[in-house]
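1. Sequence first, then the predicted structure:
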Amino acid sequence: MALLTPAASRIQDAADRSMQVQHNLALAFALAWYQRDHRRYPENLHALTPKYLSKVPNDVFSGKPLVYRRSETGFLLYSVGVNCRDDEGRSSEDEPPGDDLSVRLPLPELRKPGR
């Protein structure tokens, strides 16, 4: 049984990560819809209810509200991820890398191969 515990934990982390990615994508689509209607992104995620979403989900990992930062041209939306540490929206593909599950608009610049 002790040998199965780490594997079960990793499976649960993967399931939670998948669920959070789905929540983030639903929020990103609701934000895009709001922006199309109002020509700007909302001040906060609660402005999306009830027209665009029935409710704003909390972060699966922290149980707290997701981090949402609006900018002039877009937004950053993220969950703290499996490590439950706020990496300022940095994912494993950022430098320095983080564990957050984020959606950014406009999209960040792609890293060049070999970097």
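-> Yep, it's here.
2. Just the strands from the protein, written as ranges.
-> Secondary structure of the chain, counting by DSSP state E: strands at 67-70, 75-79, 101-105.
3. so which of the ones you listed comes closest to Val21?
-> With CB to CB as the criterion, Val21 lies closest to strand 101-105 of the strands of the chain, at 5.9 Å. Placement of C-beta: from N, CA and C, glycine included.
4. Quick check: which of the strands of the chain is buried the most?
-> The highest mean neighbour count among the strands of the chain, using mean count of other CB atoms under 10 Å, belongs to strand 75-79: a mean of 23.
5. Strand partners (parallel or antiparallel) of it?
-> Under the criterion DSSP bridges, strand 75-79 sits next to strand 67-70 (antiparallel), strand 101-105 (antiparallel) in its sheet.
6. which residues touch Ala26?
-> Leu53, Pro57 (CB atoms under 8 Å, 6 or more residues apart in numbering).
7. Number the residues from 860 up from this point.
-> I'll keep to 860 as the first residue from here, and by that count the last item is Ala885.
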